[in-house]
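# Quick check, what structure comes out for this input:
(chains A, B, C and D)
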2 protein chains.
Amino acid sequence: MAGIKEVAARAGVSISTVSYAISGKRSVSASTRARVMQAARELGYVPRSHGRLARGAGTGIIALSSPIDEGTVYGDWSPFFFGVARRSHLRGYDVLALMGEDEDLAALADSGQVDGILLMDVTVDDPRTEQVAYSRVPVVSLGCPDSLDGAYAVDLDFEQMGRLAVHRMVVAGHTHILFLGANPDAYEEGVNFLVRTRKAVRSSAVDAHLVVTEKYLDGEGAHTMDRLVSRALAADPQISAVIGQVDTMGMFNLVRALAALGRPVGSAMSVIQLGSFGRGAVLDPPLDEIPLRPYPACGRAVDVLVEMVEGRRPRPGKGIKELIPVIYLDRGSVRPPGRPGKG
Amino acid sequence: MAGIKEVAARAGVSISTVSYAISGKRSVSASTRARVMQAARELGYVPRSHGRLARGAGTGIIALSSPIDEGTVYGDWSPFFFGVARRSHLRGYDVLALMGEDEDLAALADSGQVDGILLMDVTVDDPRTEQVAYSRVPVVSLGCPDSLDGAYAVDLDFEQMGRLAVHRMVVAGHTHILFLGANPDAYEEGVNFLVRTRKAVRSSAVDAHLVVTEKYLDGEGAHTMDRLVSRALAADPQISAVIGQVDTMGMFNLVRALAALGRPVGSAMSVIQLGSFGRGAVLDPPLDEIPLRPYPACGRAVDVLVEMVEGRRPRPGKGIKELIPVIYLDRGSVRPPGRPGKG
DNA sequence: CTGAAAGCGCTTACAG
DNA sequence: CTGAAAGCGCTTACAG
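Okay, here's the model as predicted:
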């Protein structure tokens, strides 16, 4: 409530002396300083931010744009948010979470309320990248948009993810595989992970002369999965491996459906799950995964943004793309076709 | 980059006219307005926030104080954060996440950067409540501190949680129970859920003439649990029920330990898990739970805060405490002692 | 070592 | 319908 004027009056000095005493940007006699601090304490004085902001100081805040709606899956959103929050905190910044779809990012970027902007869940044709292309503050994108003028994009290497999955199957000796995709709408929406990974799977499969059947989860529940799987096996009875781009629940249903059809995972069928969160170990049998890696990706994105904010790294003009390597979690669910394992 | 002056110059009007044209707080002739907007667009003009802030407008931002450190368990933190974020978004506010332990809350509260403050993970003797007791902006606390001057506290009804658990065991006919507590340090730290729930369990147990053995998880892993359980049963062989205040992994270990000791849950032993996240259904057998309810609690906290921010609810002087009722998830893990169930 | 004054970018009574 | 000017709460050259 108290302003700099009250403090000055109470301490019997001018407002400039109060300002200097508190900021320390000019030496002030010990006794004056003591009186000022005393008065400030008594009045519970706190400098109001817009005063400082008007002079162009940093805010110590990073904006995190992460649109959520009714359909946002908490479990997918959280690891990324937590990853950003934790690393930002480590770097000395707080996070302003912007959850609006239509948040006026350009306005915020130039309003001086934040030092930098991090875009989360960026799709290949994300409109937000245009909004901030020429913003006053630096921008980092988690996920690669097709056009990233002025921004620095950090993402997992989904091309590598797709290639690696196919490679594993090929090395194990599989020639006919099922690509089990997520809901078709999500590909339409341009979700980075889905679109780019599928593309890599397709082209790698062509190179390796694999026969690929694609099926998509166009509904909910175990029943949908049963139907998909039996249709796929009917279409190509030689299928001996599945590359799945669905969530853990979906994989759970897949495992059951395959068992019900007499093609149990482990002995008759090989399975890899893509883009998951490392929870494949809880399934029975445990499944190989190439997981998303929220912490490395978010951590790197924050680091790059902070470096730009603090002037230690130039802002890219034409856009830079940095890919985080993926890792393969081997749990024994990929074996040579027709040769049962021990587990 | 461009300021109001540039826009005014380009449009050939005064800065006040620009301000009014953009804010709409005074009627401006159509042609003038068009010229102003045109100029603003061409220059990419965005009002800088401190200008507006200096006039005392709201910021549309709620501060969420939620200290995290190396030990913060992501899975426990996230549901609460997401709950707050989602509801805030619904109410038209963005969230500024403050993750520092020593964040200067008082300074922030009075700096005009946020419209209200939400305290998360509030312990019974939380120092933050004092910091904000006389802040300029309203404060809501998620969790009940012992002294909550000037704040509105929302919390789950942990007294009811403890009472309800004991009641269920009593009704089923149990007379000797094991109270399985979390790490003793956490009680020392004054974690609301732990301290208050335990207190209610204890007093309800006394009222019901139950014989209670208390054991605490003073280590990690299955081995610790095995040791605890066998000691408890050695101390009181008549124990036929467990009220557990540990996480799902702990309950998993408990179930295994009891089975190994020839007292399987379901037939020989009854179990209730307290303060969990509804995941008891994945255990085998599924366990009864009285879960934490992050969404109702966070939603209510945000609603109350927003009402105070928007002046539709007075700020409490002496502090108000509101308790969210708990719910009991019955999965059949509580049965009469010695009488095996069907499952 | 200290103060009076200009200025940050805006908003809004006060005049016209 | 519009403008000149005061003011928001600070910071910081400019003087002394």
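
# My impression was that A:Ala153 belongs to a strand - is that right?
Yes: under DSSP: H, G, I helix; E, B strand; the rest coil, A:Ala153 sits within a strand.

# Span of stretch A:150-160 from start to end?
With Cα to Cα, to the nearest Å applied, stretch A:150-160 spans 25 Å between its terminal residues.

# same question for that stretch, mean pLDDT?
Stretch A:150-160 shows a mean pLDDT of 93.

# And chain B, is that stretch touching that?
No: shown here: stretch A:150-160 not in contact with chain B (Cβ under 8 Å from any Cβ of the partner chain), separated by at least 13.3 Å. From N, CA and C alone the C-beta is placed, and that goes for glycine too.

# and that stretch, which residues are buried?
Of the residues in stretch A:150-160, those buried by neighbour count under the rule 16 or more other Cβ atoms under 10 Å in any protein chain shown are A:150-160.

# for those residues, which one is nearest DNA strand D?
A:Gly150 (28.1 Å; Cβ to the nearest atom of the strand).

# pretty sure that closest one is touching A:Ile320, no?
No: when contacts are counted by Cβ atoms under 8 Å, A:Gly150 is not listed as touching A:Ile320 (10.0 Å).

# and the residue nearest the centre of chain A, what element?
Residue closest to the average C-alpha location in chain A (Cα atoms, centre = their mean): A:Phe80, at 4.7 Å. In this structure, A:Phe80 is located in helix A:74-90 according to DSSP states H and E.

# what does that helix rub up against?
Judged by Cβ atoms under 8 Å, 6 or more residues apart in numbering or on different chains, the contacts made with helix A:74-90 from elsewhere in the structure are A:62, A:64, A:66, A:68, A:94-95, A:97, A:118, A:120-121, A:142, A:277, A:292, A:294-295, A:297-299, A:301-303, A:306, B:68, B:72, B:74, B:77-79, B:81-82, B:85, B:97, B:99-100.

# After that helix, which helix or strand is next? Please name it.
According to DSSP H and E, the helix or strand after helix A:74-90 is strand A:94-98.

# Tell me the first helix or strand C-terminal of that next one.
Counting by DSSP H and E, what follows strand A:94-98 is helix A:105-111.

# Look at the nearest residue to A:Arg331 once chain neighbours are set aside and give its secondary structure.
Sequence neighbours aside, A:Pro286 is the residue nearest to A:Arg331 in space, at 3.9 Å (criterion: Cβ to Cβ, 6 or more residues apart in numbering or on different chains). With three-state DSSP as the basis, the three-state label of A:Pro286 is coil.

# got a pLDDT number for A:Pro286?
The pLDDT attached to A:Pro286 in the predicted structure is 91.

# Check A:Gly112 too.
Residue-level confidence at A:Gly112 comes out at 79, pLDDT.

# quick one, what contacts it?
Taking Cβ under 8 Å, 6+ apart as the criterion, A:Gly112 is in contact with A:53, A:56, A:59, A:136, B:48-50.

# which one of those is nearest DNA strand C?
Comparing those against DNA strand C with Cβ to the nearest atom of the strand picks out B:Arg48 as the nearest, at 3.8 Å.

# I'd say that closest one and A:Ser111 touch.
Yes: in this structure, B:Arg48 sits in contact with A:Ser111. The criterion is Cβ under 8 Å, and the distance is 5.6 Å.

# and the residue nearest to A:Arg331, what is it in contact with?
If you count contacts by Cβ under 8 Å, 6+ apart, then A:Pro286 has A:280, A:331-333 around it.

# which of those lies closest to DNA strand C?
Taking Cβ to the nearest atom of the strand as the measure, A:Gly280 is the one of the contacts of A:Pro286 closest to DNA strand C, at 51.7 Å.

# where's the closest one relative to chain B, distance?
When distances are taken as Cβ to the nearest Cβ, to the nearest Å, A:Gly280 and chain B turn out to be 15 Å apart.

# Touching, that residue and A:Thr248? I think so.
Yes: if you go by Cβ under 8 Å, A:Gly280 and A:Thr248 touch, sitting 7.0 Å apart.

# Which of those two has more residues huddled nearby?
Between A:Gly280 and A:Thr248, counting by other Cβ atoms under 10 Å in any protein chain shown, A:Gly280 is the more crowded of the two (24 against 18).

# Tell me how far the more buried one lies from B:Ser333.
A:Gly280 sits 27 Å away from B:Ser333, taking Cβ to Cβ, to the nearest Å as the criterion.

# What of A:Val246?
Relative to B:Ser333, A:Val246 is positioned 31 Å away (criterion: Cβ to Cβ).

# Neighbour count for those two, which is higher?
Set side by side, A:Val246 and B:Ser333 show more neighbours around B:Ser333, with 26 against 21, by other Cβ under 10 Å.

# Give me the pLDDT for the more buried one.
96.

# mind checking which helix or strand it is in?
Secondary structure assigned from DSSP H and E places B:Ser333 in neither a helix nor a strand.
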